[in-house]
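Asks: here you go, sequence then predicted model.
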Amino acid sequence: MLKAFRVTAILEGISYLLLFSITMPLKHWAQILEPNLVVGYAHGGLFILYVLLAVVLSWERKWGFKRFMILFIASLLPFGTFYADKKYLKVADLSISG
């Protein structure tokens with residue numbers, strides 16, 4: 001489950017960056033709406049999945065409310081999910097594997 005969450009975190013972060021750096025400028029400056037629609041839906045689905053998996057993992061692993069809030073806030077910040085993956089999720093994954 002942790003590996004699935006890590007993959008979701010990375011994909012959510014990528015979709016967030018694509019949304020702000022490519023598709024929103026296309027929408028507002030070039031009036032090209034389709035990329036923003038597609039990436040927006042993908043990002044929305046990944047965001048919901050990310051939050052649901054954060055809740056499940058926080059509950060399952062007894063991480064506590066503080067770690068859940070860090071993971072949640074990371075999903076709201078550009079590059080936040082990449083930071084959370086490196087600082088919290090990779091370490092948790094290594095402690096399970098090793």
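Replies: Cool, got the structure.
Asks: tell me what the helix with the most length in the chain is packed against?
Replies: In the chain, assigned by DSSP state H, the helix with the most residues is helix 34-60. Here helix 34-60 touches helix 2-18, helix 24-29, helix 65-76, going by 3 or more CB pairs under 8 Å, 6 or more residues apart in numbering; DSSP states H and E. (C-beta placed from N, C-alpha, C; glycine too.)
Asks: out of those, nearest to Leu52?
Replies: When these are compared by CB to CB, helix 2-18 sits nearest Leu52, at 9.2 Å.
Asks: Leu49 contacts Phe5, doesn't it?
Replies: No. Using CB atoms under 8 Å, Leu49 is not in contact with Phe5, being 9.0 Å away.
Asks: neighbour count winner among these two?
Replies: It is Phe5, of Leu49 and Phe5, that has more neighbours when counted by other CB atoms under 10 Å, with 22 against 16.
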